[in-house]
Structures are given as C-alpha cells and as structure tokens.
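Student: Curious how this folds, go ahead:
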Amino acid sequence: MANIDEKILFLDKNAARGGIGTKESPFSCLSCAFSKAKKLLKEYQPDVVVGTGGYLSWPLIKAAADLGIPSAIHESNAIPGKAVMMVEKMVDRIYINFPTTAEAFSDPDKILCVGNPL
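Tutor: Numbering: from 1, shown residues only. I've put the predicted structure just below:
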C-alpha cells in the first residue's frame, strides 16, 4: 500500500464575508476570497482541489483552474446550484449523487455518480 501525504486545507469562510444585507458587495468579497485561495494554492501546491458546491466553492475552484491544478466538484443535490453550474467548465470531474443530475451538465464525460459521502 502506497504512503499518501494527505493534508486538508480550508479557506476561512470569512474570506468571502459580506453579501446581501451587508455594506460589502458579495462580488468584492468573492474577489478577495479568490486572491486568498490562489495564494494558498500556490503555497501548498496540491495535487487536486475538490469543492462541495455553494458560492464558497467558486473562488477555490476558479483559482485551481487558473493555476492548472486538477479539480472536481461534488453536487449532492438533485438539481445543481448556480455555483456548481458556474464552475462546470473549469473542473476536470463532476461527482453527483443522483444519476438524473447528469442531465443538467453539458459534458457527460466529466460526470461520475458516486452518491453522497458520509
């Protein structure tokens, strides 16, 4: 069995603070989170980046795509959310929970139905 050097890093949710009901624009906050994500990825140099959907996944997936780092997204809902649809073209693999979810995506070769991890 091969030894795998694993490390899980998290981007602080406060990197994308702001949004509706705050003084900060949600877009400027995502821009800030994107910059922090890119810096983190350059420093750590991961083999792969995995997002789990939601607007907070966008900055990390976008940064990985810009840096040429393989990436994937897991969509656990039957109907993909806006953030997942925004990163569809950027990721190398899309993991889904339900087989029918695949119909929402344009590239069936990227899709792998894995269910919902526990």
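Student: helices and strands around the helix or strand hosting residue 64, which ones?
Tutor: Element membership for residue 64, per DSSP states H and E: helix 57-67. Contacts defined by 3 or more Cβ pairs under 8 Å, 6 or more residues apart in numbering; DSSP states H and E place helix 57-67 against helix 26-44, strand 49-51, strand 71-75, helix 82-87. Placement of C-beta: from N, CA and C, glycine included.
Student: now the third one and helix 57-67, what's the angle there?
Tutor: Right, strand 71-75. Relative orientation of strand 71-75 versus helix 57-67 (axes from the mean of the first three to the mean of the last three Cα atoms, to 10 degrees): 160 degrees.
Student: quick check: mean pLDDT across strand 71-75?
Tutor: Averaging pLDDT along strand 71-75 yields 95.
Student: what lines up beside that strand in the sheet?
Tutor: Using DSSP bridges, the strands paired with strand 71-75 in its sheet are strand 49-51 (parallel), strand 93-96 (parallel).
Student: what's it in contact with?
Tutor: Under the criterion Cβ atoms under 8 Å, 6 or more residues apart in numbering, residues 48-53, 57, 61, 64-65, 81, 84, 87-88, 90-97, 101, 114, 117 lie in contact with strand 71-75.
Student: Separate out the buried members of those residues.
Tutor: Among those, those classed as buried by 16 or more other Cβ atoms under 10 Å are 49-51, 53, 57, 61, 64-65, 84, 87-88, 90-91, 93-97, 101.
Student: what sits against residue 54?
Tutor: Residue 54 sits next to 81, 83 when contact means Cβ under 8 Å, 6+ apart.
Student: Helix or strand: which one has it?
Tutor: Residue-wise, residue 54 maps onto no helix or strand under DSSP H and E.
Student: Kindly provide the distance from it to residue 99.
Tutor: Residue 54 sits 22 Å away from residue 99, going by Cβ to Cβ, to the nearest Å.
Student: Next: residue 44.
Tutor: Separation of residue 44 from residue 99 (Cβ to Cβ): 34 Å.
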